[in-house]
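Q: Fold the following.
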Amino acid sequence: MPKTITLTKARIVQAVVENNGYTQQKAFETVEILLELIKSTLENSEDVLISSFGKFCVKKKTERRGRNPATGKDMMMRPRKVVTFRCSRKLREKLDG
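A: Got it, this is the predicted structure:
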């Protein structure tokens, strides 16, 4: 079974410090700017494409019938937006080895 490693913002910042010689503060600011740019783009219902990595897409879900897992009762789920991720061909090839 593959080992699960959680990639936290702190680990990303640390990698930027180690690989680019940035100060901790400069690396933190850079990561924050990048994440805010991605979030604001997705909030505007625009897709985010990162070459050689993948694409984050905003999908609209329509109202649908669901079930409350706690009570088992039927309910209507409200329309909403979700973010999906589709990896690039290059990343998929690396993962498949």
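Q: May I see the domains of this protein written out as residue ranges?
A: Annotated domains of the chain cover 1-44, 46-97 [automatic domain parsing].
Q: want to throw these into a markdown table with mean pLDDT and mean neighbour count?
A: All C-beta atoms are positioned from the backbone trio N, CA, C, and that covers glycine. Output for those, formatted as a markdown table (pLDDT from 0 to 100; neighbours: other C-beta atoms under 10 Å):
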| stretch | mean pLDDT | mean neighbour count |
| --- | --- | --- |
| domain 1-44 | 92 | 12 |
| domain 46-97 | 94 | 11 |
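Q: Any idea how far apart the tips of stretch 51-68 sit?
A: For stretch 51-68, the first-to-last residue distance is 39 Å (C-alpha to C-alpha, to the nearest Å).
Q: Quick one: residues in contact with it.
A: For stretch 51-68, contacts defined as C-beta atoms under 8 Å, 6 or more residues apart in numbering pick out 38, 42, 45-50, 73-88, 90-91.
Q: Leaving out the residues flanking it, which one is nearest to the residue lying farthest from the centre of the chain?
A: Centroid-distance maximum for the chain: residue 73 at 31.7 Å, with C-alpha atoms, centre = their mean. Nearest residue to residue 73 in three dimensions, chain neighbours excluded: residue 67, at 7.0 Å (C-beta to C-beta, 6 or more residues apart in numbering).
Q: Likewise for residue 49?
A: residue 55 is the one closest to residue 49 (C-beta to C-beta, 6+ apart), at 4.7 Å.
Q: secondary structure element for that neighbour?
A: strand 54-61 (DSSP states H and E).
Q: Only C-alpha atoms, please: export that strand in PDB.
A: Taking C-alpha atoms only, strand 54-61 is exported to PDB below (Å, rounded to 0.1, in the frame of the first residue of the first chain):
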ATOM      1  CA  GLY A  54      -3.200  19.400 -14.600                       C
ATOM      2  CA  LYS A  55      -6.400  21.400 -14.700                       C
ATOM      3  CA  PHE A  56      -8.800  22.500 -11.900                       C
ATOM      4  CA  CYS A  57     -12.300  22.900 -13.300                       C
ATOM      5  CA  VAL A  58     -15.400  24.400 -11.800                       C
ATOM      6  CA  LYS A  59     -18.500  22.100 -12.400                       C
ATOM      7  CA  LYS A  60     -22.100  23.000 -11.800                       C
ATOM      8  CA  LYS A  61     -24.200  20.400 -10.000                       C
END
